[in-house]
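> Sequence plus predicted model, see below.
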Amino acid sequence: IQIIGAPIFNEKKMLKGAVLVFYDITELKKLELTRKDFVANVSHELKTPITSIKGFAETLLDNKENNPEVVEKFHQIIYDESDRLQILIQDLLTLSKLEKDEFELQVTDFHIGKVIEEVIAVIHQQAEQKGLNLTVDVEKDIKVKADREQMKQVLFNLLANAVSYTPGKGEITLMIEKTDSNMHIAVSDSGIGIGEEAIPRLFERFYRVDKARSRNTGGTGLGLAIVKHIVEVHEGKIKVDSELDKGSTFHVYIPTNLG
Ligand code: ADP
């Protein structure tokens, strides 16, 4: 608590009393800490790929490596790490756009089936390479009212996670149903699952259950934070059911009466 005081004088300039104002700054302090944590996290996340890019580029420039296979490997690392930086910056821009006070949803009526096709076109290759079976259980011609681009991002992030965190030959299912009050999206996988203790932190920016695994799969640690933001600006809800080594289901509910 912060206290600010000021004396009150009467007409004869004699002390009459004082005003004390008590400010509860816990929330402000918390915000300030979250902001500082965020800056520290971003800096760290940027530093790792840049250090690697610079190191390998220096070795190539100094001509220290002349084995063509090794040179190619170094070029590939530089490319992959730049790719990671680009995705990270894209995710940061997406988050910052969603957090702006003036952010406005572009709500339209659209066929969700078309959006699913677009998302699957991007991720099916990775799923196939891992031998994952992807099932889409969505009523034909379902029309929804929401922000199309944002819903595409939600589906993409949840499905991309399902692919990343499910070992080969697993099952992934996307289910969408419409009730009177909600559109319900469920993305299920038969993957590694999430421990109970990790679930409350899952939607925090940069939180990863297993840092090394997330990095290997190219994760930025921002995907679920973005999903949660999008769901919240739609006044919806998100929840997770998961069991370690069995799999996870992410449920999203978006109200159907959006303005
Ligand atoms: P990342 O880029 O690391 O995947 P996310 O914000 O999308 O970041 O997810 C945060 C963390 O939640 C992941 O690092 C992973 O540990 C866990 N996670 C997300 N989705 C799943 C899933 N389907 N199965 C198991 N763990 C998951």
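Arrived safely, thanks for sending.
> Those residues of this structure touching the ligand, which are they?
With Cβ under 6 Å from any ligand atom as the criterion, the chain comes near the ligand at residues 161-162, 164-165, 189, 191-194, 202, 207-210, 214, 219-225, 248. Heads up, the C-betas are built off the backbone N, CA and C, glycines and all.
> I'd like the list of the residues you listed that fall within helices, please.
161-162, 164, 214, 223-225 (DSSP state H).
> Check those residues for the minimum pLDDT and say which it is.
Minimum pLDDT for those is recorded at S214 (78).
> who's in contact with A6?
18-19 (Cβ atoms under 8 Å, 6 or more residues apart in numbering).
> so it sits in a strand?
Yes - assessed by DSSP: H, G, I helix; E, B strand; the rest coil, A6 belongs to a strand.
> For it, give its distance to the ligand.
The spacing between A6 and the ligand, counted by Cβ to the nearest ligand atom, to the nearest Å, is 48 Å.
> next one: A186
Taken as Cβ to the nearest ligand atom, the span from A186 to the ligand is 12 Å.
> S52 now?
In terms of Cβ to the nearest ligand atom, S52 sits 18 Å off from the ligand.
> With I116 instead?
18 Å.
> what does H124 give?
17 Å.
> Quick check: closest non-adjacent residue to that residue.
The shortest distance from H124 to any non-neighbouring residue, by Cβ to Cβ, 6 or more residues apart in numbering, is to L134 (6.7 Å).
> pLDDT below threshold where in the stretch 1-150 of the chain?
Judged against pLDDT under 70, the stretch 1-150 of the chain has no low-scoring part.
> Show the residue spans covered by the helices in it.
26-61, 68-99, 112-129, 148-164 (DSSP state H, counting those that start in this stretch).
> Now the first one: buried residues?
To tie it back to what came earlier, the one meant is helix 26-61. By neighbour count on 16 or more other Cβ atoms under 10 Å, the buried set for helix 26-61 is 41-42, 45, 49, 52-53, 56.
> Return the member of those residues nearest to the ligand.
E45 (10.6 Å; Cβ to the nearest ligand atom).
> Next, the contact list for that closest one, please.
Counted by Cβ under 8 Å, 6+ apart, E45 has contacts 88, 206, 220-221.
> And L105, by the same measure?
146-147, 150, 233-234, 258.
> Ramachandran coordinates for it?
For L105, the backbone dihedrals (degrees, to the nearest 10) come out as phi -70, psi 140.
> how near is it to the ligand?
From L105 over to the ligand (counting by Cβ to the nearest ligand atom), the distance is 21 Å.
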